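Participant: Here is my input, please return the structure:
(chains A and B)
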2 protein chains.
Amino acid sequence: MERVFYNGHIRTLEKAYPECEALAEKDGVILYLGTSEEVLRRASPDAERIDLRGGHVLPGFADTHMHLIDYYRMTQRIDLSAVTSFDEMAEKLRRRAAETRCDEWLFGANFNQDHWDVQVLPTRRELDAVCADHPICIQRSCWHISVLNTRAMELVRLLNEREDTPLYMEFYPDGTPNGVIKENSQNKIYENFPVPELDELKRWLKTAMYAVAEKGITEVHSEDFQAFSRDTRELVMQAYIELAEAGEMPVRVYQQCLMPTKEQLERFLAQGHRTGETHGHYKLGPFKVVNDGSLGAHTAALRHPYACDPGTSGLPLYKPETLHELFSLAHKNGCQIAVHCIGDASAEMVLDAYETVMRETPRADPRHGILHCQIMDADLQERFRQLNVIAYVQPVFLRYDMFIVDECVGSELARQSYNWRRFCDLGVHMCGGSDCPVEKFDVLPNICHAVTRSDNNGAAPWYPENGVTVDEAVRMFTTEAAYAAFEEQVRGTLAVGKYADLVVLDRDIYAVAPETIKDVQVEMTVVDGEIVYRRQ
Amino acid sequence: MERVFYNGHIRTLEKAYPECEALAEKDGVILYLGTSEEVLRRASPDAERIDLRGGHVLPGFADTHMHLIDYYRMTQRIDLSAVTSFDEMAEKLRRRAAETRCDEWLFGANFNQDHWDVQVLPTRRELDAVCADHPICIQRSCWHISVLNTRAMELVRLLNEREDTPLYMEFYPDGTPNGVIKENSQNKIYENFPVPELDELKRWLKTAMYAVAEKGITEVHSEDFQAFSRDTRELVMQAYIELAEAGEMPVRVYQQCLMPTKEQLERFLAQGHRTGETHGHYKLGPFKVVNDGSLGAHTAALRHPYACDPGTSGLPLYKPETLHELFSLAHKNGCQIAVHCIGDASAEMVLDAYETVMRETPRADPRHGILHCQIMDADLQERFRQLNVIAYVQPVFLRYDMFIVDECVGSELARQSYNWRRFCDLGVHMCGGSDCPVEKFDVLPNICHAVTRSDNNGAAPWYPENGVTVDEAVRMFTTEAAYAAFEEQVRGTLAVGKYADLVVLDRDIYAVAPETIKDVQVEMTVVDGEIVYRRQ
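Facilitator: Below is the predicted model of the structure:
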C-alpha cells in the first residue's frame, strides 16, 4: 500500500531538512519527503492521497512510561465522585450490572459519603441489596477505605475472617465481616482481583492501544507484568504476542519488564527472553524494578530526612547487594535496565550499582536508565552524563509536585531537582512519559509543563530556569524515546527509510504560546503509514 | 583489562561534551570520560595507566573504501621506477629471489627501459637468465606492457600461444612467445596469478591490517572478494573469519562484498550470508558492484560525451534491467548495497534502480550508497538526499582529478562535481575513503584535501567553495563511517558505552593550518582499548 500525505506543514526533526509539505510511504516505510507538488508527481497512480489540509505533522509521539493494563482497568471503574446519595450510587452500579456478565466486578471509585444526603458509610449487606450476583467493591475518595458486597468478600476469601484477624477490617455485631476494609489490608482485595482470560485481556489491550492512538501516540513503553498485583508475565506476553502476530496492535509497545525478584528474572532469562526480542509491534524492553516510593507519601528514599517530616527519610526497597545481584544478572545477559527512583538516595544507589556492573562486565551501549529522576542535586545529575544513563521523566508531575517539593526537601535541593534544562545541557538522553494511569497519557500537556514549568492554572512557574525549549520537549517524546528503545535509526524523526509514524496536529506547537500547547488537538495518528486515528 | 588514558586533549565529537582530558576503558568499552584527576581517581588499582603526554585524541579513523589484499600485493612488488639499467633491475629481482621460496612470483613494477643505458625492452629469455626457477613478471610504468619469463608464461598458460592467437602479445622469430604481453591481454596474466594458501592469505591480511593501524585507522571497509581477478570469496571469508575468531585482527573490517554476477550473489545468499553477519572484528558489509570505469581512461559513464574526447561518453557496465535484478535480490534479502559510480550517467542509473527497489520493497533503513560520486550536477546530488543514499567519497582523488575534470566534462559540470560542501548542506551521509592501493590509506591527507581543495603542491585550490570544514572532514572518517557500517551507536564518537577505538595525534588538527594537516603524525592507535600501534 502506498500513501501520500500532502498539503501539510511537516517538521521532520532532521537537521538538514527540517521542514517539508508532503511525505510518501509504502508498506510503512517513508519513500520521499518534499513539496506537495513533487511528492504527488512521484506517486504511483494507485497511491492513496491524503490531504492534510494544512495540518502540522511531527514524528509520532511516544510515551516512555505507562501501564496499558492499569489504564484500561481505570477506565472500567464506575466514577462515584459526583454522587450525592446511596441511591444514586446504587443506580450507577445497577446500570453497569445490567450491561455486564455477572462474574464481572463492579468497581466504584471515589465515593465520599460525607457528601451524601445521609452521611453513613455503606456496608456489605446494603451493597448486596444493590446487586448480589456481581461482586462489588467501592473505594472511598481518600483511598483508605473500601467496601465489598458478600459475593466480592467470598471471591477475595475474606468472608470467613473474624475479629481476631490481623487485618484492618470491620465486623457486624454478629461477628461476621461488614465488608469495610481499610489501609494496607486493602491489598488483600487487589491481590485477589480476577485476572481476565487471554481473549479478554487481548480485548483490554486493544482498547487501551486505540485510546493512546487518539493522543497522537504511536509507541508506548508499557509496564504490565504485575498489573494484577501478582506475576502475570506469561499471560501478558502471550496476549501481546498474539495481538502482534495477528497485526492487531495499532501502536508499538516496548515492554518494561517489571520483575521484582531474582527468581522471576531468572525464569525470564531461562526462557530465552532478552531486551530486544521482537514480535511485530511488540518488543521486550528493559528489566525493571521499583526502588522507592513516592514523595507525597514520604516513601521516596532521600539522603536526608524530609524537611516537613524529620522522622523519616523514606526507604529504598532494595538493599545495595540485592540490586547489584539483579543488575548483574540482567546486564550480563544483555538486558537493558530501568529503575523507578524518586528520591536522591534511591537514585544514588542505582547509579552506584550501574557503575559497578558496567565496570565488572563492560558491554557496549547498554542504555540503562532511571525512571522519574525527581529529587537530586547537580552532582547526581552529572553522574547520568558520566555513566551515559537515560533519564525518563514525567513533566506533568510538576503540576502537583511544584507545591510540595520545597517543603519536602528544602529549596536548595528543590532548585536542583526536576532540572530538565540541565539534563539537556549535559547531553543526557532524557525521554518523557506520563506514568498513566497516574496521569493521563496526553503528550501535549507534558510538553507544555516541560516548557512553562507551570501548573497552567495560574500559579507562578516553578524554577522556570529549569525548563526546556519546545523543540527539546518534543524530542523527549520522539527522538529520545526512540533512543530509549534502541530504535533511533528507524523512528523518532521523519527521514527516508524510517517508519511512517506520524502525528498531525491542528496548530504548530513551535509557534503558539507555550501555555496553549496543552489545548492543541490531535487530528490524525499514523503508524506504519496506516491511519490508526482520525478526529471526527 | 582496565586502562586509563590520561593527560591528553580528547575530542569526543559528542555535542554536549566535546572535550576532555582522560578516558577509562575496560574490555574495550569506554567507562568514563573526564579530567585526568577524576578519571585516575576512579580507576581500579590494577588499571594500566597510559600517559598521553598532551597528545590529541580523536575517535579512531575509518577508511570506508579500500582493498586490503590488493594493498598487500602492491607492497610486495619490486619497485623498478628508479632503475637505470637491465643489470640493476636483474640485481633487484635476484635479491628478492634469494629471500623467497621458488614458487613465489617476482613482480617488478614501473620499469621504463627508455631511462636505461641500453634502451631495449627485455624479453622472456633475458628474464630467464636473471632467474629461471621463480616466475617473473615485470610491468612497464605505462601499465600497457608486461614481460614474463618462461616459468611465468607456463604458469599463466600462455607459453603455447602462437602468432594466430587473438591475444595482443609478441613472438620470437622461432614463433614462440617472447614474453611481452600488451594492453587488455595482460588480464590473462592477472587472472592466472597464484592465489595464496589459506595460512599465507591470513598472514597477508594481518600484515595489511597492522599497516593500516599505523595510520590511526581502526576500521576499514575493504573490498577483497575479487582480489585475484576471480571469485575467491569463500577463501577470503574463511581467512578473515579464522583471524577474527582467533582474536588476530588488530582493526575492524567491514567487508564490501563485490560480486559481479547474479550467480555469485545467489550463492552468497543461499549460504545464508547477509549484510551484518559478524565474527568478532569481521563483519559483512554491502553487496557491491562496479558500474563504470574511470575518468582518466574516459570509461566513466557520462550523460554527455567527454568534452575532450567527443567520440565517447563512457559506458555503464550493467544494463538497467540487470542492475534492477541484482539490487532487487540483494535488497529483498536485507542486504545493504554500494555501487562504484564515477560518471553522472552511472550514478543516475544506480539512483533510479535504488528508487525502484526501495519503492517495490520498502524496507526500513537500508543505507544503500554510491562509491566515488565524482561527476554529477546539483539535481543528482539532491537525489542522494531524497533517497537517503550514502555518498562514499575519496577526497585525495582531487589531487589529480582537479587537473582533468574541467577538460573532461566542462567547467559548468565540474563546478557541481566533487561538491562535498553541498552533500554536507543537504544532510547527506557522506563518508571518506582512500580506495587504497589506488591511493595511500592515509586519512590525514584526505582530511587536508577535503578542506583545502588543493593538491597541496602549490596549485590554486579547485572550486574551494566546495570544501568542508575540518570537523566535517573528521566526521567523514569517524561518525559517518560508523553510520555506513550500521554502528553509529557503538563507534564514531567517544562516549561512555562505546568502543574504545582511538587515534592519538601529535597536533590538534582543528587548530593547525589546514594545509599542514597532512604532516600531522599518528602517535598511537587503540582498538577495543588495546594499543595496536605506538610510534617509536
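
Participant: burial measure for the residue in the stretch 351-500 of chain A positioned nearest to chain B, as a count.
Facilitator: Of all residues in the stretch 351-500 of chain A, A:Gly427 sits closest to chain B, at 2.0 Å by C-beta to the nearest C-beta. Every residue, glycine included, has its C-beta placed from N, CA and C. Using other C-beta atoms under 10 Å in any protein chain shown, A:Gly427 has 17 other residues around it.

Participant: quick one: it and B:Leu13 touch, right?
Facilitator: No. A:Gly427 is beyond contact range of B:Leu13, at 11.9 Å (criterion: C-beta atoms under 8 Å).

Participant: Leaving out sequence neighbours, find the closest residue to the residue of the stretch 351-500 of chain A closest to chain B.
Facilitator: Of all residues not flanking A:Gly427 in the chain, B:Ala16 sits nearest, at 2.0 Å (C-beta to C-beta, 6 or more residues apart in numbering or on different chains).

Participant: contacting residues for the spatially most central residue of chain A?
Facilitator: Nearest residue to the geometric centre of chain A (C-alpha atoms, centre = their mean): A:Met66, 1.3 Å. Taking C-beta atoms under 8 Å, 6 or more residues apart in numbering or on different chains as the criterion, A:Met66 is in contact with A:212, A:220-223, A:433-437, A:441.

Participant: For the residues you listed, which single residue is the most surrounded?
Facilitator: That'd be A:Ser222 among the contacts of A:Met66, by other C-beta under 10 Å, with 32 neighbours.

Participant: just to revisit the earlier point, give the contact list for the residue of the stretch 351-500 of chain A closest to chain B.
Facilitator: Residues in contact with A:Gly427 (C-beta under 8 Å, 6+ apart) are A:385, B:14-17.

Participant: how about the helices of the stretch 51-200 of chain A, start to end?
Facilitator: A:68-76, A:86-99, A:124-130, A:150-155, A:187-191, A:198-213 (DSSP state H, counting those that start in this stretch).

Participant: Out of the ones you listed, flag the one nearest chain B.
Facilitator: Among these, the nearest to chain B by C-beta to the nearest C-beta is helix A:198-213 (20.4 Å).

Participant: Okay, buried residues for that closest one please.
Facilitator: A:201-202, A:204-206, A:208-209, A:211-213 (16 or more other C-beta atoms under 10 Å in any protein chain shown).

Participant: other SSEs contacting it?
Facilitator: helix A:68-76, helix A:233-245, strand A:530-534 (3 or more C-beta pairs under 8 Å, 6 or more residues apart in numbering or on different chains; DSSP states H and E).

Participant: Can you lay out those as JSON lines showing distance to chain B and mean neighbour count?
Facilitator: Shown next, in JSON lines, are the helices and strands packed on helix A:198-213 (distance: least, C-beta to the nearest C-beta, whole Å; neighbours: other C-beta atoms under 10 Å in any protein chain shown):
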{"stretch": "helix A:68-76", "distance to chain B": "24", "mean neighbour count": "20"}
{"stretch": "helix A:233-245", "distance to chain B": "17", "mean neighbour count": "19"}
{"stretch": "strand A:530-534", "distance to chain B": "13", "mean neighbour count": "18"}
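
Participant: do you know which of the ones you listed lies nearest A:Thr452?
Facilitator: helix A:68-76 (25.5 Å; C-beta to C-beta).

Participant: Kindly provide the whole-number mean pLDDT of that closest one.
Facilitator: Averaging pLDDT along helix A:68-76 yields 93.

Participant: Beta-bridge partners for A:Glu19, please?
Facilitator: Beta-bridge pairing of A:Glu19 under DSSP bridges involves A:Arg11.

Participant: Up against chain B, what does the stretch 251-400 of chain A have?
Facilitator: By C-beta under 8 Å from any C-beta of the partner chain, the part of the stretch 251-400 of chain A that sits against chain B consists of A:358-359, A:361-367, A:385-388.

Participant: Now the two most distant members of the residues you listed.
Facilitator: Greatest spatial distance among those (C-beta to C-beta): A:Thr361 and A:Arg385, at 21.2 Å.

Participant: With neighbour numbers in mind, choose between the two.
Facilitator: Just comparing A:Thr361 and A:Arg385: by other C-beta under 10 Å the higher neighbour count belongs to A:Arg385, 23 against 16.

Participant: Which secondary structure element is home to the more buried one?
Facilitator: helix A:378-387 (DSSP states H and E).

Participant: What lies in contact with that helix?
Facilitator: For helix A:378-387, contacts defined as C-beta under 8 Å, 6+ apart pick out A:344, A:347-348, A:351, A:354-355, A:358, A:368, A:370, A:373, A:389-391, A:416, A:419, A:422-423, A:426-428, B:16-17, B:32-34, B:496.

Participant: Show the pLDDT at the residue of the stretch 1-150 of chain A found nearest chain B.
Facilitator: At 1.9 Å from chain B, A:Ala16 is the closest residue in the stretch 1-150 of chain A, using C-beta to the nearest C-beta. We have a pLDDT of 79 for A:Ala16.

Participant: residues contacting the spatially closest residue to A:Val236 that is not a sequence neighbour?
Facilitator: With C-beta to C-beta, 6+ apart as the criterion, A:Val236 has its nearest non-adjacent residue at 4.9 Å, and that residue is A:Asp224. Contact analysis of A:Asp224 by C-beta under 8 Å, 6+ apart lists A:67-70, A:236, A:255.
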